[in-house]
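**Student:** Just the structure for this:
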Amino acid sequence: MVWHQRFAKQMRSLYVRFGSSYALSSTQRQQIDKSANVVDMLGAARSACMRFGSTYASLSMRWPHLVAGGTAATIIGAADLACQSTLQRDSARGTDWVRTLGVTVFAAWHYGVPTRMLYFWYDRFFGVAPLFSTAFKKMLVDVYIHSPLLLIPSYYAITGTIKGQTTDQIARQLRAEWFTASFGTVLYWTPLCMINFYFVPQHSRILFVSAGLYVYNTWLSWLSNKQRNLEIVIEAPKGVDNQNAFHVQLG
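**Tutor:** Residues are numbered from 1 along each chain as shown. Sure thing, here's the model as predicted:
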């Protein structure tokens, strides 16, 4: 019996042990029982989270690239669908599955292979000591070098190709939006990457990043499309990007 079950059992036995002395009413007994149920539920939820964390860590250490790619693809794909069904809902055209496929493929590849390899390299090169200076160096390389020079170009190349853009179209869009994407990435990910590298163990860093990507994608989708949603949507010619091109998942 775990701690929360023992505590709940003790709470439920209060009126049995002290009922004769304090003459607990039925209402008081019900309140005690409800409180015990809440404690039991919270304890069970905590235990379930701990079991999930342990299982995830074990799988991540056994298949680091596969688990990292699957985690990122699942969370980012779900975030994109959530954005399309709420903030960017288009009843006339429905869900843009090509867009979702693009960001999912990007997430599976980039976070499963190059990002996962970089995270291992950070530990080998900068060390694994739980020091602020160590986390700061990892964050500096990840946010200010990896993101603008590898992550953002990779995002535009993969998603643009899946959407059917030509190489010239991808290059023009990247040149036009690179600074904005890089600046937004720096603002959002500098504090989160410090937390990630300072507090989060190696096996769960991609999971932490993916959770941050969900929030980031939701906010950025709203920000980049709030004006567009007030206007009449005119169907753009095939191969030409619309104002929704910059709802990226960056980390």
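
**Student:** What mean pLDDT does stretch 62-72 get?
**Tutor:** Averaging the model's pLDDT scores along stretch 62-72 yields 87.

**Student:** Now tell me what touches it from outside.
**Tutor:** Stretch 62-72 is contacted from outside by 56, 59-60, 107-113, 115-117, 120, 203, 206-207, 209-210, 213, using CB atoms under 8 Å, 6 or more residues apart in numbering. C-betas here are computed from N, CA, C, even on glycine.

**Student:** Could you do stretch 118-127 as well?
**Tutor:** With CB under 8 Å, 6+ apart as the test, stretch 118-127 has contacts from 64, 134, 137-138, 141-142, 146, 197, 202, 205-206.

**Student:** can you do 7 Å?
**Tutor:** Here stretch 118-127 makes contact (CB atoms under 7 Å, 6 or more residues apart in numbering) with 134, 137-138, 141, 146, 202, 205.

**Student:** re earlier: buried ones only from the contacts of stretch 62-72, please, as a ChimeraX command.
**Tutor:** The ChimeraX selection below is limited to those of the contacts of stretch 62-72 classed as buried (16 or more other CB atoms under 10 Å):
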select :60,107,108,109,110,111,112,115,116,203,206,207,209,210,213
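
**Student:** okay if I get the contacts of stretch 118-127 as TSV plus neighbour count?
**Tutor:** Putting these into TSV (neighbours: other CB atoms under 10 Å) gives the following:
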residue	neighbour count
134	17
137	16
138	24
141	16
146	19
202	17
205	22
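
**Student:** ok, these vs residue 179, which is closest?
**Tutor:** Ranked by distance to residue 179 (CB to CB), those are led by residue 146 at 16.7 Å.

**Student:** That closest one: what's its closest spatial neighbour, skipping adjacent residues?
**Tutor:** With sequence-adjacent residues excluded and distances taken as CB to CB, 6 or more residues apart in numbering, residue 146 is closest to residue 118, at 6.1 Å.

**Student:** Closest to residue 78 out of the contacts of stretch 118-127?
**Tutor:** Distance to residue 78, by CB to CB, is smallest for residue 205 among the contacts of stretch 118-127, at 19.4 Å.

**Student:** any idea which element the closest one lies in?
**Tutor:** Assigned by DSSP states H and E, residue 205 belongs to helix 205-225.

**Student:** per-residue confidence at the residue nearest to residue 146?
**Tutor:** 93.

**Student:** That one: neighbour count?
**Tutor:** For residue 118, the count of nearby residues is 18 (other CB atoms under 10 Å).
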